[in-house]
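1. Predicted model and sequence follow; I will ask about them next.
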Amino acid sequence: MSDVLALVEARLRTALGEPDARAAVTFLGTDRIEVLRFHDGDVVRYATLGMSAQPMTDPTAVIADPLRGPRAELVLSVRAGRADAPPLSTLDRSLRPLAVLAASPQVEGLVVAPGASLDTGEPLWPGAPFTSVLVAESGGLVEDLELDEPMDPVRFLPLLPMTPNEAAWKRVQGAEALQERWLRNGTDLRDPMRSGVPLG
């Protein structure tokens with residue numbers, strides 16, 4: 001499936017430009033996951049590469065289909081140009097949590113889809129107020145990548161960092177309600193130092 005990953009990387013480069021850094025993480029029993037870093041003005045974006053090499057499989061399926069099934073990569077955008085923003089070396093510590101999330105379909109049999117919450121189990125980077133992310137709809141920043149039949153397209157899913165309170169509220173109220181609350185309050189979801197949205 002290296003040809004799939006070559007197409008995925010080409011799509012990322014077309015949409016986001018040339019990566020200025022990349023790192024690879026390998027977990028026991030999984031394929032290698034890379035995380036590429038892109039700069040867009042004062043915004044730094046981290047995109048996974050490797051999650052889409054295999055389709056995600058419903059954990060209840062008796063036999064995994066090697067071709068059919070949803071494919072995705074993850075994209076995290078952080079505004080790094082603020083004076084009080086963490087240094088890039090600190091933000092880059094998000095590489096490993098992102099790789100862990102990208103490996104979760106292989107490790108845990110998860111099917112990552114819009115509206116899902118993914119728990120990183122630790123701050124996204126040292127000192128970050130976020131320990132989980134909301135998976136948003138694809139098609140905005142990076143267009144879906146169509147593959148030859150019968151393979152599903154690769155979707156590039158934005159990750160929206162959540163504070164613990166937001167994550168707990170989302171579990172009760174749902175993803176759409178949380179996104180509406182963010183929108184109503186003009187929340188900058190790329191702000192690495194933002195506080196949680198009022199939930200009262």
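-> Sure thing, it's come through. Just so you know, these numbers come straight off a predicted model, no measurement behind them.
2. what about the residue nearest in space to the middle of the chain, which SS state?
-> Centroid check for the chain by C-alpha atoms, centre = their mean gives Leu74 as the closest residue, at 3.0 Å. Under the three-state scheme (DSSP: H, G, I helix; E, B strand; the rest coil), Leu74 adopts strand.
3. contacting residues for it?
-> In this structure, Leu74 makes contact with Ala47, Thr48, Met51, Leu98, Leu101, Ala102, Val112, Val135, Phe156, Leu157, Leu159, judged by C-beta atoms under 8 Å, 6 or more residues apart in numbering. Where C-beta positions appear, they are placed from N, C-alpha and C, glycine not excepted.
4. Using PyMOL, make a named selection holding only the buried ones among those residues.
-> Filtering the contacts of Leu74 down to the buried ones (16 or more other C-beta atoms under 10 Å) takes a single PyMOL command:
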select buried, resi 47+48+51+98+101+102+112+135+156+157+159
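5. and of the contacts of Leu74, the nearest to Thr120?
-> Of all those, Leu101 has the smallest distance to Thr120: 6.7 Å, by C-beta to C-beta.
6. What pLDDT does the model give that closest one?
-> Leu101 carries a pLDDT score of 94 in this model.
7. Ok, Pro105 next?
-> pLDDT, read off for Pro105, is 91.
8. does it really touch Gly50, like I thought?
-> No - applying C-beta atoms under 8 Å, one finds Pro105 not in contact with Gly50, separated by 10.8 Å.
9. Show me the strands in the protein, by range?
-> Per DSSP state E, the chain carries strands over the ranges 21-25, 33-40, 43-49, 71-79, 117-119, 132-135, 154-162.
10. what comes up buried for the shortest one?
-> Meaning strand 117-119. For strand 117-119, using 16+ other C-beta under 10 Å, the buried residues are Ser117, Leu118.
11. Residues contacting that strand, please?
-> So strand 117-119 is in contact with 101, 104, 112, 131-135, 159, 162, 167, 170-171, 175, going by C-beta under 8 Å, 6+ apart.
12. before we move on, the earlier item: just tell me which of the strands of the chain ends up closest to Leu12.
-> Closest to Leu12 of the strands of the chain, according to C-beta to C-beta: strand 43-49, at 5.3 Å.
13. so what does the closest one touch, helix or strand wise?
-> Judged by 3 or more C-beta pairs under 8 Å, 6 or more residues apart in numbering; DSSP states H and E, the packing partners of strand 43-49 are helix 2-16, strand 33-40, strand 71-79, helix 95-108.
14. right, so those: which one is the most enclosed?
-> Most buried of the helices and strands packed on strand 43-49 by mean neighbour count (mean count of other C-beta atoms under 10 Å) is strand 71-79; its value is a mean of 23.
15. Pairing partners for that strand, with directions?
-> strand 43-49 (antiparallel), strand 154-162 (parallel) (DSSP bridges).
16. With mean pLDDT and distance to Ala80 added, can I get the ones you listed in CSV?
-> Listed next are those as CSV, based on pLDDT from 0 to 100; distance: least, C-beta to C-beta, whole Å:
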stretch, mean pLDDT, distance to Ala80
strand 43-49, 97, 5
strand 154-162, 98, 14
